[in-house]
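[1] sequence-free structure coming up:
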């Protein structure tokens, strides 16, 4: 048996996806940067650094040589958003399918991941996999549904869906790549805000309000960028938002929890092996929104906390003192 699908990135999410794809006995190639981690996966069937709860399938073969995956026609790219350009740029150009699984916006450029990948590998056929997915649950085989947004439309979907779907991993088709990306990127920032609410003991009412008003910010930003409202109301938008705003299993929620309890961003992030994507996304998201005149007060508040400009109490007070307004903006006459 030879692998049909490769996974680039042996963090928690990449390893969980490899485990899910190998659940039916399929061979999966998994690339990781750290040699010690690659050896542990191959010899001990464990990833103690990023996914210690899982005993990995025997058909997962890890490698630290990216060239070994270059000949595969379907690659899931699961490296952190800020490293996607450099990693994809190491692949030889090809007409392979690149399924982007990172959720973020590139710092410094404001590019979504599909734009980053298109520049790094112009011949690749791009898709985005996004949705409410905690890695440890996917690795354990618990039921999970995701959006698979295909730039190549139904033809690409027909090629990818049978390769990626498993009894416990159910992809749903979308052609809205932009919407899938924006939902995944914005929800990470909003999850930090919900963690702050938890850390400050502001209650469940406040967290529900942040989810709802945060979703309104996601929708405003997404529509301004050409996303479809239906996409943002689906798995990769509202679904993912609800999940990551409700549990310490979310790295972004845990970061916000620490901020709400009085830690600085540097203190909260120090010593972490996993990446809280929302910390890098928040400032570039706020900058893009301000440039385009899109109101995102919750995102702005998260940025102030991360930069150390204001304590959590001041950010909350500013949001609560905003002018009273209609919940839904009336369309222009």
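    Arrived safely. Worth saying up front: this structure is predicted, and the values here are computed from it rather than measured.
[2] Please, where are all the helices along the stretch 51-200 of the chain?
    84-88, 113-120, 135-139, 153-164, 177-199 (DSSP state H, counting those that start in this stretch).
[3] oh, I was asking about the stretch 201-333 of the chain
    According to DSSP H, counting those that start in this stretch, the helices that the stretch 201-333 of the chain contains are 204-224, 229-232, 240-244, 251-260, 265-269, 277-291, 297-307, 312-320.
[4] Now do the first one against helix 177-199, angle only.
    In terms of direction (axes from the mean of the first three to the mean of the last three Cα atoms, to 10 degrees), helix 204-224 departs from helix 177-199 by 160 degrees.
[5] Pull out the buried positions in stretch 308-318.
    With burial defined by 16 or more other Cβ atoms under 10 Å, the residues of stretch 308-318 counted as buried are 312, 315-316. Yep, even glycine has a C-beta here, placed from its N, CA and C like the rest.
[6] quick one: contacts for the residue nearest the centre of the chain?
    Centroid-nearest residue in the chain: residue 103, 2.8 Å away (criterion: Cα atoms, centre = their mean). Residues near residue 103 by Cβ atoms under 8 Å, 6 or more residues apart in numbering: 81, 113, 130, 181, 184-185, 187-188, 277.
[7] which two in the residues you listed are spaced the farthest apart?
    Largest separation among the contacts of residue 103 by Cβ to Cβ: 113 and 187, giving 14.4 Å.
[8] Between those two, point out the one with more neighbours.
    residue 187 (33 against 28; other Cβ atoms under 10 Å).
[9] Could I get the helices of the stretch 201-333 of the chain in TSV, plus columns for distance to residue 75?
    Listed next are the helices of the stretch 201-333 of the chain as TSV, based on distance: least, Cβ to Cβ, whole Å:
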stretch	distance to residue 75
helix 204-224	27
helix 229-232	23
helix 240-244	22
helix 251-260	24
helix 265-269	29
helix 277-291	20
helix 297-307	31
helix 312-320	40
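[10] sorry, back to before: where's the residue nearest to the centre of the chain relative to residue 243, distance?
    Distance from residue 103 to residue 243, counting by Cβ to Cβ, to the nearest Å: 12 Å.
[11] Also residue 306?
    22 Å.
[12] These two - which one has more neighbours?
    residue 306 (25 against 20).
[13] so that one touches residue 280, yeah?
    No. In this structure, residue 306 is not within contact of residue 280 by Cβ atoms under 8 Å, at 9.5 Å.
[14] winner for burial among the helices of the stretch 51-200 of the chain?
    For the helices of the stretch 51-200 of the chain, ranked by mean neighbour count under the definition mean count of other Cβ atoms under 10 Å, the leader is helix 177-199 at a mean of 29.
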